[in-house]
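**Student:** Quick check, what structure comes out for this input:
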Amino acid sequence: MGVTCFEHAIASPVPPAKIFKASVLDADTVIPKVIPNVVKCVEVIQGDGGPGTIKKIHFSEGVE
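**Tutor:** Numbers count the residues shown, from 1 in each chain. Predicted structure coming up:
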């Protein structure tokens, strides 16, 4: 197993706090809406979203 890092900076009119909330805190609901052809839904198996939370990502059909 390896680790890959990627960094890219862009200017956005959206405030950083709103971007963080959408991309991290609300990712379970936002990502399936943004890329439904890739992610069908995200299911919380155990926990409340904090450290140790286990999530199951259901990919759309045909995604490898």
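**Student:** My read is that residue 57 contacts residue 38, right?
**Tutor:** No: under the criterion of C-beta atoms under 8 Å, residue 57 is not in contact with residue 38, lying 9.7 Å apart. C-beta coordinates here come from the backbone N, C-alpha and C atoms, glycine included.
**Student:** buried ones in the helix or strand harbouring residue 29?
**Tutor:** Under the criterion of DSSP states H and E, residue 29 resides in helix 27-34. Buried residues in helix 27-34, counted by 16 or more other C-beta atoms under 10 Å: 27, 30-32.
**Student:** Check stretch 36-53 too.
**Tutor:** Residues residue 39 are the ones in stretch 36-53 that count as buried (16+ other C-beta under 10 Å).
**Student:** which residue is nearest the centroid of the chain?
**Tutor:** To find the centre residue of the chain, average its C-alpha atoms and take the closest one (C-alpha atoms, centre = their mean): that gives residue 27, at 4.1 Å.
**Student:** Phi, psi for the nearest residue to that one once chain neighbours are set aside please.
**Tutor:** Closest residue to residue 27 in three dimensions, ignoring its sequence neighbours and counting by C-beta to C-beta, 6 or more residues apart in numbering: residue 42, at 7.4 Å. Backbone torsions of residue 42, given as degrees, to the nearest 10, read phi -120, psi 130.
**Student:** One more: residue 39?
**Tutor:** For residue 39, the backbone dihedrals (degrees, to the nearest 10) come out as phi -110, psi 120.
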